[in-house]
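>>> Sequence first, then the predicted structure, then my questions.
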Amino acid sequence: MVNACALGFSTENDGETNTTVLNRILCENDDVIVSFPGIYRLTGPVILNTGNHLKFGTGTTVVRERAADGDNGNLFINKGAFTAEYDEDISLEGLHLVTNGVERKDARDGGTRTITGLRGHVAFFYVKGLYVSDMLVTDLGACDYAIQISDFEDVTVENVQAEGMKDGIHFGPGKRFILKNCRFRTYDDDIALNCSDYSVSNPNIGSIEDGIIENIVDLPGQYTESMFLRILVGTPLTWHPGMTVYHSDAVINDGRMYRVVMNTDNVSYTSVTPPTHEDGFVTLDGIRWLRTNKGYSAEQLSVPAGCKNIVVKNAFLEQKRNIAVMIYTDYSEYLKSYHSGSPVPEVEGISFENVQVLKPVKHFMYIGTPVNDLQLSHCSLGDSDIEWEQNPRMAKYQAPEIGLYDTQAVIRQKNG
């Protein structure tokens with residue numbers, strides 16, 4: 001393991017210099033440590049390559065600086081994020097981050113160092129065998145998440161504390177993850193499992209499967225309407241001439257997926273000309289289309305973005321909320337993740353073990369889409385209930401299958 005501090009990475013450098021130096025070191029070496037205590041400035045993006053293991057030692061702090069040209073990217077990101085090619089065997093440990101009010105400039109706003117929908121200060125996209133640990137950030141701003149991981153396999157994230165305005169950890173599509181021993185105090189979601197999401201909040205859409213979330217503390221703070229855990233699912237549309245689309249709609253045409261990136265105003269658009277481009281943005285019929293889900297087969301694209309086999313255990317909720325856990329399809333000005341007549345995304349095999357609601361929460365859970373095999377065991381929900389609602393855009397379906405074991409809960413149908 002090489003010491004970056006012996007190779008030019010320094011507390012004396014400005015952020016641009018340190019970013020250049022650290023990128024060079026990571027290109028030339030697999031295992032890198034920043035061992036000398038102190039404050040290190042970075043503009044980013046710092047690119048992590050297959051086989052890179054970067055560790056920040058005790059007493060080190062990274063402070064974000066704005067890029068001189070204002071074109072801020074994600075602070076840490078893997079190389080394959082830009083090529084839709086999977087990186088493997090990457091780790092990032094010991095990051096104590098001060099965001100310093102710096103957030104990335106989105107590609108739709110002219111940013112050249114970012115990917116639309118990839119909003120993490122620490123961002124991994126197309127990655128296998130990822131390990132992130134011992135991260136601390138307490139000043140998240142209004143737009144960027146602490147950690148975002150999308151299109152992944154075999155991920156472990158542990159010992160993270162994230163506080164501020166935006167999400168603590170935000171997962172997009174992928175399979176096999178462990179999230180453990182974390183503490184969150186965020187105004188937006190602590191944990192998001194967003195199979196579908198706004199076109200500017202997920203780089204791709206697809207299913208999330210086989211996850212363990214354990215030993216989590218939802219720290220007390222400012223009352224928020226956001227969630228401890230959000231599970232958002234949806235289904236893409238198939239393009240046809242004359243179809244109506246809205247902001248964030250996902251549309252499949254000729255074996256590719258495209259997202260509508262317009263404004264959050266519920267304005268509808270008529271699509272006459274099909275999107276066919278291979279990359280980036282193209283405007284057709286007044287609709288701005290973004291190519292997403294690169295590398296997906298036509299069969300993969302056609303599968304609804306659902307969520308399966310998630311275990312949440314040993315979670316302690318100390319934050320006052322209206323809803324702690326939300327499982328649903330969205331139909332708002334930000335996103336219409338499901339349209340009538342589409343295949344219904346599957347949500348099944350979701351379990352909660354030893355979840356303790358310690359501060360007032362009105363609804364422990366809101367369910368707005370069909371759910372099968374939902375279980376709660378050894379949970380204490382206080383005075384909160386479980387509320388479910390028939391999705392008006394779907395054919396009528398049965399009430400969610402909820403198993404209660406050593407758990408008292410009132411289950412109510414909203415508007416039933």
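Yep, that arrived.
>>> backbone phi and psi for Asn266, please?
phi 60, psi 20 (degrees, to the nearest 10).
>>> Just give the nearest non-adjacent residue to it, would you?
Spatially, and ignoring its direct neighbours in sequence, Asn266 is nearest to Glu333 (4.5 Å; CB to CB, 6 or more residues apart in numbering). For the C-beta atoms, the positions are set from N, CA and C on the backbone; glycine is no exception.
>>> need the contact list for that neighbour.
His247, Thr264, Asp265, Asn266 (CB atoms under 8 Å, 6 or more residues apart in numbering).
>>> so Pro345, which of the three states?
coil (DSSP: H, G, I helix; E, B strand; the rest coil).
>>> From Val155, how far off is it?
22 Å (CB to CB, to the nearest Å).
>>> Equivalent analysis for Lys105, please.
27 Å.
>>> which residues are contacting stretch 239-253?
196, 198-200, 205, 234, 236-238, 257-272, 274-276, 287, 289, 292, 298, 301-302, 333-337, 339.
>>> what do you get for stretch 397-411?
Contacts of stretch 397-411 (CB under 8 Å, 6+ apart): 344, 364, 367, 370-381, 385-388, 390-391, 413.
>>> Would you work out how far apart the start and end of that stretch are?
16 Å (CA to CA, to the nearest Å).
>>> what are the bridge partners for the residue positioned nearest the centre of the chain, then?
Nearest to the geometric centre of the chain sits His170, at 2.3 Å (CA atoms, centre = their mean). Beta-bridge pairing for His170 (DSSP bridges): Gln148, Ala192.
>>> and what of Asp87?
Those that pair with Asp87 in a beta bridge, by DSSP bridges, are Val127.
>>> Find me the pLDDT at the residue nearest to Asn266, would you?
The score at Glu333 is 97. That number is its pLDDT.
>>> how much space between it and Glu299?
32 Å.
>>> and the contacts of stretch 397-411, which are buried?
344, 364, 367, 370-371, 374-376, 379-381, 385-388, 390-391 (16 or more other CB atoms under 10 Å).
>>> Return the closest of the contacts of Glu333 with respect to Arg321.
Thr264 (23.2 Å; CB to CB).
>>> Helix or strand for the spatially closest residue to that closest one that is not a sequence neighbour, just tell me which one.
Closest residue in space to Thr264, ignoring its immediate chain neighbours: Glu333 at 4.6 Å, by CB to CB, 6+ apart. Here Glu333, judged by DSSP states H and E, is contained in no helix and no strand.
>>> which residues touch Gly8?
Here Gly8 is in contact with Val21, Ile25 (CB under 8 Å, 6+ apart).
>>> now do 10 Å
Contact partners of Gly8, counting by CB atoms under 10 Å, 6 or more residues apart in numbering, are Thr17, Asn18, Thr20, Val21, Leu22, Arg24, Ile25.
>>> now swap in Lys180 and tell me
Lys180 neighbours (CB under 10 Å, 6+ apart): 133, 156-160, 212-216, 313-314.
>>> cutoff 8 Å now
Contacts of Lys180 (CB under 8 Å, 6+ apart): Thr156, Val157, Glu158, Ile212, Ile213, Glu214, Asn215, Ile216.
>>> Arg230 too?
Asp189, Ile191, Ala192, Leu193, Asn194, Val325, Met326.
>>> Phe36 is in contact with Ala4, isn't it?
No - applying CB atoms under 8 Å, one finds Phe36 not in contact with Ala4, separated by 9.1 Å.
>>> Tell me which helix or strand comes right after the longest helix along the chain.
What stands out as the longest helix in the chain, according to DSSP state H, is helix 15-28. Sequence order places strand 31-34 as the next helix or strand after helix 15-28, per DSSP H and E.
>>> re earlier: can you list the contacts of Lys180 in TSV and add distance to Glu12?
Listed next are those as TSV, based on distance: CB to CB, whole Å:
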residue	distance to Glu12
Thr156	34
Val157	32
Glu158	32
Ile212	42
Ile213	41
Glu214	41
Asn215	39
Ile216	39
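>>> Double-check that Ala6 belongs to a helix.
Yes - using three-state DSSP, the assignment for Ala6 is a helix.
>>> Against Lys128, how distant is it?
Distance from Ala6 to Lys128, by CB to CB: 31 Å.
>>> Which one of these two is surrounded by more residues?
Set Ala6 next to Lys128 and count neighbours by other CB atoms under 10 Å: Lys128 wins out with 19 against 11.
>>> confidence score at that one?
pLDDT, read off for Lys128, is 98.
>>> With Asn322 instead?
At Asn322, the pLDDT recorded in the model is 97.
>>> same check, this time on Gly416
On the pLDDT scale, Gly416 gets 67.
>>> What are the boundaries of the strands in the stretch 51-200 of the chain?
Assigned by DSSP state E, counting those that start in this stretch, the stretch 51-200 of the chain shows strands spanning 53-56, 60-64, 76-78, 87-93, 96-98, 120-140, 145-164, 169-171, 174-186, 191-194.
>>> Same question for the longest one: list its buried residues.
Put plainly, it is strand 120-140. 120-137, 140.
>>> ok and that strand relative to strand 174-186, angle-wise?
Relative orientation of strand 120-140 and strand 174-186, computed by axes from the mean of the first three to the mean of the last three CA atoms, to 10 degrees: 20 degrees.
>>> Fine, thanks again, bye for now.
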